[in-house]
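In: sequence first, then the predicted structure:
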Amino acid sequence: KQAVLVAKRLQGIHFSAIYISDLSRTKQTADPIIRRANAGTPAFTDSRLREKGAGHLEGLPIDHIEKHRKQSGQSFRAFRPPGGENWEDVA
């Protein structure tokens, strides 16, 4: 629903291109925006735009998440918050 509202808000604005993550949830969110974009506006996916979910720590300050990571003894790349993803999951 929010993506449709954003698409309506952006309708009529010219974009040279649209860039999105290659994750399926991102494509689903961007689809209404891409459909309402000016005809011929190219859309590109790029894995460098991926995000990762922080699970139960979502919305908390990064220093709080980093504290949990240090307590886990895991590397930055390997740490997976409870209910979340690590960098290996989205790479």
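Out: On my side now, so go ahead.

In: the longest helix in this structure is where?
Out: helix 24-36 (DSSP state H).

In: starting at the chain centroid, how far to that helix?
Out: Chain-centre distance of helix 24-36: 12 Å, with C-alpha atoms, centre = their mean, to the nearest Å.

In: verify the stated contact: E88 with R77.
Out: Yes - the pair E88 / R77 is scored as a contact, 6.5 Å apart, by C-beta atoms under 8 Å. Bear in mind the C-beta positions are built from the backbone N, C-alpha and C, glycine included.

In: ok so, going back, after the longest helix of the chain, next one along is what?
Out: strand 43-45 (DSSP states H and E).

In: quick one: list the elements packing against the longest helix of the chain.
Out: Applying 3 or more C-beta pairs under 8 Å, 6 or more residues apart in numbering; DSSP states H and E, one finds that helix 24-36 contacts helix 2-10, strand 18-20, strand 43-45.

In: who's in contact with the first one?
Out: When contacts are defined by C-beta atoms under 8 Å, 6 or more residues apart in numbering, helix 2-10 is touched by residues Q28, T29, A30, D31, P32, I33, R35, R36, A37.

In: mind checking how far the first one is from I34?
Out: When distance is defined by C-beta to C-beta, to the nearest Å, Q28 is 11 Å away from I34.

In: quick one: which of those two has more around it?
Out: I34 (15 against 10; other C-beta atoms under 10 Å).

In: what's near enough to touch that one?
Out: Counting by C-beta under 8 Å, 6+ apart, I34 has contacts I18, T41, A43.

In: could you find the lowest-pLDDT member of those?
Out: Note: of the contacts of I34, the lowest pLDDT belongs to T41, at 86.

In: grab the nearest non-local neighbour of that one.
Out: Once flanking residues are discounted, T41 sits nearest to F15: 5.4 Å by C-beta to C-beta, 6 or more residues apart in numbering.

In: surely the one you found and G40 touch.
Out: No - with contact defined as C-beta under 8 Å, F15 and G40 do not form a contacting pair (10.6 Å).
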